[in-house]
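build me a model from this:
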Amino acid sequence: MKELLTTYTIEQIIIFLFMIAVALKEGIELFKYFRDLIKNKNIKDINENNKGEIILKEIQEIKEELQNMRENYDSKFDSHSEKLDILIGSDREDIRAFIVSKHHFHTEHEHWIDDYTMDVLEKRYAYYKEEGGNSYIGQLMNEIRALPKHPPKTRLKE
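Got it, this is the predicted structure:
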């Protein structure tokens, strides 16, 4: 220690100690920098791997949600389809009753049919066929079509 003091001055020793402290501090900072760099690289690698897993998980969740939506849609569609079938059947019955009523009225009482009523009957009959009606109504329509378009002339009693 005596040699150290004789070779170097106090100022030089303090500067040397200061430089060692600064070098030690910078060495620690450099160590921390490389440690964080490696840690962040590992985190990035982990994140990259996790991103793939997260994306696959999200895709699976989307698939499950789509399947739920499809099942829900199918059940609603089936329900609406059944209701639509009921409405079509009901409409077909209404048209059939309308045509039968008009047939009876015009063939048994009036013995003629006006153009407007004939037009309405033709349109309703077209709907009836479109809705799957396939009974004796076609024959009734043929009988209605055969009726005269004007009322029969009646003679006034003299």
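
tell me what the host helix or strand of I14 is packed against?
Using DSSP states H and E, I14 sits in helix 10-104. Under the contact criterion of 3 or more Cβ pairs under 8 Å, 6 or more residues apart in numbering; DSSP states H and E, helix 10-104 touches helix 115-130, helix 137-145. Every C-beta, even on glycine, is put in place using the N, C-alpha and C of the backbone.

center of the protein - which residue?
The residue lying closest to the centre of the chain (Cα atoms, centre = their mean) is M69, at 7.2 Å.

just to revisit the earlier point, got JSON lines for the helices and strands packed on helix 10-104, with mean pLDDT and mean neighbour count too?
Below are the helices and strands packed on helix 10-104 laid out as JSON lines (pLDDT from 0 to 100; neighbours: other Cβ atoms under 10 Å):
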{"stretch": "helix 115-130", "mean pLDDT": "94", "mean neighbour count": "15"}
{"stretch": "helix 137-145", "mean pLDDT": "94", "mean neighbour count": "15"}
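
reformat those as JSON lines; add distance to F31.
JSON lines is the format used below for the helices and strands packed on helix 10-104 (distance: least, Cβ to Cβ, whole Å):
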{"stretch": "helix 115-130", "distance to F31": "86"}
{"stretch": "helix 137-145", "distance to F31": "97"}
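
out of those helices, which is closest to E3?
For E3, the closest of these is helix 115-130, at 119.1 Å, according to Cβ to Cβ.
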